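>>> Can you look at this prediction? I've put the sequence above it.
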Amino acid sequence: MRAFFILAAVAPNRQRSFRTLLAAHVMMLGILLAGMLWRRTAVGPMLFGQILLVAGIIEGAMLIGWRLTQLPKSQALEFLLVSATRPAEVLLAEALVGLTRLALTTLAGLPILVLAVSEGLIHVEDVAVLLAMPFVFGAVTGLGVATWVYEPALIRRWGERLAIVAVLIYLIAGVLAGERLGDWLSGLPFGWGAKTVAGLRLLHDYNPFGAMKFAMEHPPSWALGRHAWVLSLGTGLGLALLIRSAVRLHGHFHDEHYRPVLNQDRGRREPVGDDPMTWWAVKRVSRYAGRINVWLAGGFGILYAAYTMAGPHWPTWMGHVVFEIFDGLGGLPMLATALMVLAAVPAAFQYGLWDSNAQDRCRRLELLLLTGLEGRSYWQAATAAAWRRGRGYFILAILLWLAAAWAGRISWIQALAGMSAGVILWGFYFALGFRAFARGTQANRLGLVLTLLLPLVTALLAHSDWQLLAVLLPPGSLYFGATTSPNLWWMLGPLAASAVTLLLARDSLFHCETQLRQWYDRNHGINIVE
């Protein structure tokens with residue numbers, strides 16, 4: 001166990017990633033605290049807790065899930081698996097290292113939480129909730145990602161189908177029926193309707209987001225029992241996922257390296273064509289495409305667009321409270337902005353698209369640099385892969401802007417401005433991400449800034465006296481372009497982002513191959529501790 005902790009502590013890349021994530025966590029808490037002190041009506045305790053929970057989930061996926069999913073990809077693991085150290089022990093040791101790092105990242109925000117207590121923004125009892133809930137469910141997320149990846153292809157395929165059924169149930173019961181669900185089920189015999197509603201209500205209240213919301217809106221003594229149940233369920237689920245992933249590590253390693261890869265699709269396989277690197281990059285990102293998230297966002301987005309377009313003609317026997325909540329948060333333009341930022345996430349995080357560590361990158365470049373490939377080939381492959389991962393969110397955002405314009409919520413000029421700003425944002429994020437890839441820079445820091453901190457800062461500035469500054473930032477250009485009349489001040493943001501994008505693209509295309517060769521010369525043959 002000691003050796004695993006020492007390796008995690010001395011590995012340069014893992015040190016850098018951990019410090020970046022910890023600094024981003026502290027910076028995010030500082031921004032939220034400043035928002036609560038500056039404009040309490042915009043950032044209240046409930047929003048503070050929900051954002052902290054989301055951050056914990058993302059940090060768990062990065063610190064635990066990413067490491068555990070990349071571990072079996074290295075064939076060097078085979079030597080460890082045939083030693084006296086059993087595969088389950090290897091997984092448990094690596095998971096414990098990730099859990100420790102997640103705990104340290106969570107505790108790094110403790111001084112800011114204490115400051116929030118001293119300012120009377122939260123109760124002192126809320127500190128334990130704001131630390132425990134993100135940590136527990138961040139661990140559940142990280143271990144869940146690893147367990148899902150370790151499962152055989154057949155189980156993943158059936159699991160995806162069950163997830164689709166769960167999404168349909170949520171969309172029908174939680175969105176379409178909503179507060180009218182009791183009326184829908186009132187005709188069921190033996191009181192099944194009331195029991196079903198009570199069960200769904202229990203799921204709604206006893207989940208991490210519902211429990212966090214309840215804690216931030218009520219006295220701490222009221223939420224003690226609910227949090228005990230939710231944390232107990234989360235801890236039990238995390239232990240079950242840890243055991244399952246430990247059992248599956250050995251089998252997944254053999255599936256990854258020794259089991260033949262068979263094409264299970266009955267349809268015609270996409271031809272390689274004249275750009276094999278583009279074909280490979282698209283196939284690589286399509287293995288774990290995250291379709292469930294796209295289906296969930298797409299299903300809700302389509303229903304919300306239909307509600308907006310129907311207006312007063314929306315049937316009274318259908319739910320509308322959920323849609324009214326989103327109307328209060330900014331409506332279709334706000335949801336479209338969030339989806340467009342999600343679409344740009346694969347464009348910003350490009351290093352992991354190609355290789356997970358420096359050794360794999362060296363081995364791949366050793367072959368690629370022998371070919372006649374130019375920077376344009378790498379650019380085309382990265383563009384195709386990033387578009388394949390984010391196109392679902394992108395298309396859905398376009399549909400929401402069109403629905404808002406059709407319903408008269410915004411003008412067609414505003415919809416066009418929002419869509420234009422969205423295209424520019426995606427290109428801007430991609431240009432920055434590709435530049436980091438060409439230079440061999442781990443883009444975790446850049447990706448976190450672009451996809452998390454920048455939207456958060458934009459939201460806080462939008463609710464302050466500095467709203468004009470928020471308009472100039474890329475996420476602000478999306479939202480305000482579709483909610484206000486486009487003017488010369490608004491155009492400065494997209495024009496500046498476009499100019500920077502074109503300059504970065506030209507520089508990256510021209511110097512890509514040279515920078516890749518320089519990185520290879522610096523790192524090839526050097527003993528890099530990963």
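Done, it's in.
>>> list the contacts for A177?
By Cβ atoms under 8 Å, 6 or more residues apart in numbering, A177 lies in contact with W184, M318, G319. Glycine gets a C-beta too; all of them are placed from N, C-alpha and C.
>>> What about the residues you listed, which one has the most neighbours?
With neighbours taken as other Cβ atoms under 10 Å, the top of those is G319, carrying 21 neighbours.
>>> how near is that residue to G182?
Separation of G319 from G182 (Cβ to Cβ, to the nearest Å) stands at 11 Å.
>>> list the residues that contact both of the two?
Joint contacts of G319 and G182 (Cβ under 8 Å, 6+ apart) do not exist.
>>> Can you name the element that comes right after the helix or strand T100 falls within?
According to DSSP states H and E, T100 maps onto helix 87-107. Moving toward the C-terminus from helix 87-107, the next helix or strand (DSSP H and E) is helix 110-118.
>>> what angle sits between whatever helix or strand comes next after that next one and helix 87-107?
Remark: after helix 110-118, the chain's next helix or strand is helix 126-150, criterion DSSP H and E. Here the directions of helix 126-150 and helix 87-107 differ by 150 degrees (axes from the mean of the first three to the mean of the last three Cα atoms, to 10 degrees).
>>> Please name every helix or strand in contact with helix 126-150.
Contacts defined by 3 or more Cβ pairs under 8 Å, 6 or more residues apart in numbering; DSSP states H and E place helix 126-150 against helix 45-60, helix 66-70, helix 87-107, helix 110-118, helix 208-217, helix 220-257.
>>> Can I get those helices in JSON lines including mean neighbour count, mean pLDDT and distance to L416?
Below are the helices and strands packed on helix 126-150 laid out as JSON lines (neighbours: other Cβ atoms under 10 Å; pLDDT from 0 to 100; distance: least, Cβ to Cβ, whole Å):
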{"stretch": "helix 45-60", "mean neighbour count": "21", "mean pLDDT": "89", "distance to L416": "31"}
{"stretch": "helix 66-70", "mean neighbour count": "20", "mean pLDDT": "87", "distance to L416": "38"}
{"stretch": "helix 87-107", "mean neighbour count": "20", "mean pLDDT": "92", "distance to L416": "42"}
{"stretch": "helix 110-118", "mean neighbour count": "15", "mean pLDDT": "91", "distance to L416": "41"}
{"stretch": "helix 208-217", "mean neighbour count": "21", "mean pLDDT": "87", "distance to L416": "35"}
{"stretch": "helix 220-257", "mean neighbour count": "17", "mean pLDDT": "88", "distance to L416": "44"}
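>>> can I get those in JSON lines with distance to A163?
Shown next, in JSON lines, are those (distance: least, Cβ to Cβ, whole Å):
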{"stretch": "helix 45-60", "distance to A163": "17"}
{"stretch": "helix 66-70", "distance to A163": "18"}
{"stretch": "helix 87-107", "distance to A163": "24"}
{"stretch": "helix 110-118", "distance to A163": "34"}
{"stretch": "helix 208-217", "distance to A163": "18"}
{"stretch": "helix 220-257", "distance to A163": "16"}
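>>> Out of these, the one nearest A344 is which?
Nearest to A344 among the helices and strands packed on helix 126-150 is helix 45-60 (15.6 Å), distances taken as Cβ to Cβ.
>>> Give me the helices and strands touching that closest one, please.
Using 3+ Cβ pairs under 8 Å, 6+ apart, helix 45-60 sits against helix 12-38, helix 87-107, helix 126-150, helix 208-217.
>>> To P276, which of those lies closest?
From these, taking Cβ to Cβ, the stretch that ends up closest is helix 126-150, at 25.7 Å.
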